[in-house]
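A.B. asks: model this:
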Amino acid sequence: MNHRESGKKVDSFTCYQNLEDAIAFMQKNGVDEFEKAQKIKENLINGMLREFNDGRSKSYYCIAATVMETGELEEALTLARQNSDGLNIKEKTRVLHSVLDEIARQKNYYLKLRK
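C.D. replies: Take a look at the predicted model:
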């Protein structure tokens, strides 16, 4: 079974939940625009890791960045920053996880690797 077919059901280390959407975006907008969009998400992940990583959240943030829209990630990071001033890193991590989980619940996203 090829990656496009198996990616509809399970994930390896990489999250394939949006594979078809990514391919459609590239076909419509080109690889350069896709790369620009990915760079924005990379910057958001780096902010999450720099400010909200208790050492155990890298995979979770990477999956969230793969599954969620850029605007949703920006909103989550903004809300987490507003609601975590003065907290220690474990508490900050919980705040961002909570915000991401709530967006995922509302949008019916799955923020775990499917096995």
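A.B. asks: what's the neighbour count on Gly86?
C.D. replies: Residue neighbour count, defined by other C-beta atoms under 10 Å, stands at 6 for Gly86. (Glycine included, C-beta is placed from N, CA and C.)
A.B. asks: quick one, phi psi at it?
C.D. replies: When quoted as degrees, to the nearest 10, the phi and psi of Gly86 stand at phi 80, psi 0.
A.B. asks: please tell me how far it sits from Val95.
C.D. replies: To Val95, Gly86 is 11 Å away according to C-beta to C-beta, to the nearest Å.
A.B. asks: same deal with Ala64?
C.D. replies: Separation of Ala64 from Val95 (C-beta to C-beta): 14 Å.
A.B. asks: Met48 now?
C.D. replies: Met48 is 11 Å from Val95, where distance means C-beta to C-beta.
A.B. asks: quick one: which of these two has more around it?
C.D. replies: For Met48 versus Val95, neighbours defined as other C-beta under 10 Å are more numerous around Met48 (24 against 20).
A.B. asks: report the spatially closest residue to the more buried one, excluding sequence-adjacent ones.
C.D. replies: Leaving aside its chain neighbours, Met48 sits nearest to Tyr61 (4.5 Å; criterion: C-beta to C-beta, 6 or more residues apart in numbering).
A.B. asks: mind listing residues that contact the helix or strand hosting the one you found?
C.D. replies: In the assignment (DSSP states H and E), Tyr61 maps to helix 58-67. Residues lying outside helix 58-67 but in contact with it, judged by C-beta atoms under 8 Å, 6 or more residues apart in numbering, are 15, 17-18, 41-42, 44-45, 48-49, 52-53, 73, 76, 97, 100, 104, 109-113.
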